[in-house]
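Visitor: Predicted model follows, preceded by the sequence.
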Amino acid sequence: MSRLPESTANDPYDADRPLMLRCACGQDHAPDQHASAMALSDDKLEASLIKALFPVDSVRRNFLRAVGANTARAAIMSVLPLGALQAMAQEKGPLEKKDLKIGFIPITCATPLIMAHPLGFYKQQGLNVEVVKTAGWALIRDKMLNKEYDATHFLSPMPLAISMGAGSNATPMNVATIQNTNGQAITLANKHKDKRDPKLWKGFKFAVPFEYSMHNFLLRYYVAEAGLNPDTDIQIRVVPPAEMVANLRAGNIDGYLGPDPFNQRAVFEEVGFIHILTKEIWNGHPCCAFGSSTEFIQKNPNTFAALYRAVLTASAMARKPENRELIAKVIAPAQYLNQPETVISQVLTGRFADGLGNIRTVPDRADFDPIPWQSMAVWMLTQMKRWGYVKGEVDYKQMAEKVFLLTDAKKRMKEIGQTPPEGAYPKFTIMGKVFDPTQPDAYVKSFAIRKMAA
């Protein structure tokens, strides 16, 4: 049998061949190739990346057979082009801590943080990460305050609230990246199909996952625009995301503004319908975030930078529509979301049944833009002020820049070959009304329905 050319024998995209030709030095090359292998050529970098992404050979083979070598190469190299790989191969600062625990709530909002685990993005950065499924947001907060988690999946307003001492003892926290944009919905019980106008919702009981959440703030905003006072005309209660569908089925609530996959799961279970996607309220709104305590970041800067790179890499992959079905397969299993793959796929691809007899196509139903714009933080603070969650004067700009690590995010994006956007305080439009982050107090006072004093 003639020997295959080296390029074929070591092709990392060949699903029918092993990826390991190990030398005594421990590297993946044949012993007679040791000297030349010490040079970090493009093909060796590429093979190293594939090995890091798929440490289990059978998983790599199944993946390549499912999507094909060309698709795999294009997807992976678009996430981490060779120039970025070469930069990452250079010596980084020593990691202060390699064994980490990261908390997450099993919802699609956490897609980048979750998928970074099975796809090997943490390992690629030299980290041994345990992603820990957590029952609810109060528990996430408590475990961060008790230092049981090193970093976590946050609701993006949570680090602001915790840093300010709203709802807990004041402890400085930081948002490194936004985990997801859009990706939420208002779901109503099937019995309310004739009450699509929110003006008819007086007396309804709604669930949100946490007080300091975009879900709470967007629900309040939406019903207030319809002329209802969310504090007196409806009831809003906190319900863990995993319990929302059961509460809807039991009639304990009339609807919820919640995270996916539980909006789609209500349709799947035939107990509810999607009234409106939150992207129709504010297209591109932030929802969840990835972050840690300021103390952890200060004590472990190199470790945190490595975490940053891993999560940003995952976000870049998650943003590409062609990767969404693969990602749905990766995050569906029991140790992650524990949901039917078809439900997650409908959410991530944006082709879904809405429970009203329609099949809709909304490609950006969920997105994963990681940029922690400081104007997003200012908007969250205006809503905390509007609804009485914070009292007195608020230094919006100072708090936004203290908690949302935009400069760091841009720096880490450059490290992995991504192009960061310009600016820090873009304006946003929510239900047709422009939010100017330079005029937060005027914005709060412009609403007829609010709890704060004029």
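Guide: On my side now, so go ahead. Residues are numbered from 1 along each chain as shown.
Visitor: For Lys385, which three-state class applies?
Guide: Classification of Lys385 using DSSP: H, G, I helix; E, B strand; the rest coil returns helix.
Visitor: Give me the neighbour count for it.
Guide: 23 (other C-beta atoms under 10 Å). Quick note: C-beta positions are derived from backbone N, CA and C, even for glycine.
Visitor: now Ala185
Guide: So Ala185, with other C-beta under 10 Å, has 32 neighbours.
Visitor: Contacts only, for the residue lying closest to it once chain neighbours are set aside.
Guide: Spatially, and ignoring its direct neighbours in sequence, Ala185 is nearest to Asn263 (4.0 Å; C-beta to C-beta, 6 or more residues apart in numbering). Applying C-beta atoms under 8 Å, 6 or more residues apart in numbering, we find Asn263 in contact with Gln184, Ala185, Thr187, Gly272, Ile274, Val347.
Visitor: try Phe352
Guide: Gln264, Val267, Ile274, Gln346, Ile359, Arg360, Val362, Arg365.
Visitor: got a list of what the nearest residue to Asp436 once chain neighbours are set aside touches?
Guide: Among residues not flanking Asp436 along the chain, Lys427 sits closest, at 5.7 Å (C-beta to C-beta, 6+ apart). By C-beta under 8 Å, 6+ apart, the contact list for Lys427 reads Ser375, Val434, Phe435, Asp436, Pro437.
Visitor: Repeat that for Ile162.
Guide: Counted by C-beta under 8 Å, 6+ apart, Ile162 has contacts Arg141, Met144, Leu145, Ser168, Ala170, Thr171, Met173.
Visitor: Which secondary structure elements does the host helix or strand of Leu100 sit against?
Guide: In this structure, Leu100 sits in strand 99-104 according to DSSP states H and E. Packing partners of strand 99-104 (3 or more C-beta pairs under 8 Å, 6 or more residues apart in numbering; DSSP states H and E): helix 111-115, strand 128-133, helix 137-145, strand 151-155, helix 301-319.
Visitor: give the contact list for the residue nearest in space to the middle of the chain.
Guide: What sits nearest the mean C-alpha location of the chain, by C-alpha atoms, centre = their mean, is Gln179, with 2.4 Å. Gln179 sits next to 109-113, 153, 287-290, 311, 315, 368, 370 when contact means C-beta under 8 Å, 6+ apart.
Visitor: which non-adjacent residue is nearest Pro209?
Guide: Pro241 (5.2 Å).
Visitor: burial of that neighbour, as a residue count?
Guide: Neighbour number of Pro241 under other C-beta under 10 Å is 26.
Visitor: and it, how far is that from Gly255?
Guide: According to C-beta to C-beta, to the nearest Å, Pro241 and Gly255 sit 14 Å apart.
Visitor: List the contacts of the closest residue to Trp201 other than its chain neighbours.
Guide: Leaving aside its sequence neighbours, Trp201 sits nearest to Ile234 (C-beta to C-beta, 6+ apart; 6.0 Å). Each residue near Ile234 by C-beta under 8 Å, 6+ apart is listed here: Trp201, Lys202, Gly203, Phe204, Lys205, Phe206, Val223, Leu228.
Visitor: list the buried ones in stretch 223-236?
Guide: Val223, Ala224, Glu225, Leu228, Pro230, Asp233, Ile234, Ile236 (16 or more other C-beta atoms under 10 Å).
Visitor: now stretch 159-176
Guide: 159-164, 166, 168, 171, 173-176.
Visitor: By pLDDT, give me the weakest of those.
Guide: Among the buried residues of stretch 159-176, Ser168 carries the lowest pLDDT, at 89.
Visitor: which one among the contacts of Gln179 gets closest to Ala332?
Guide: Distance to Ala332, by C-beta to C-beta, is smallest for Thr111 among those, at 11.1 Å.
Visitor: What pLDDT is listed against that closest one?
Guide: 98.
Visitor: In helices, which of the buried residues of stretch 159-176 fall?
Guide: Pro159, Leu160, Ala161, Ile162, Ser163, Met164 (DSSP state H).
Visitor: picking that back up, okay, the contacts of Ile162 in CSV with distance to Thr294 next?
Guide: What follows is those, written out as CSV (distance: C-beta to C-beta, whole Å):
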residue, distance to Thr294
Arg141, 15
Met144, 11
Leu145, 12
Ser168, 15
Ala170, 11
Thr171, 8
Met173, 7
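Visitor: Closest to Val132 out of these?
Guide: Met144 (11.8 Å).
Visitor: list the contacts for the closest one?
Guide: Contacts for Met144 (C-beta under 8 Å, 6+ apart) come out as Gly103, Thr152, Ile162, Thr171, Met173, Ser292, Ser293.
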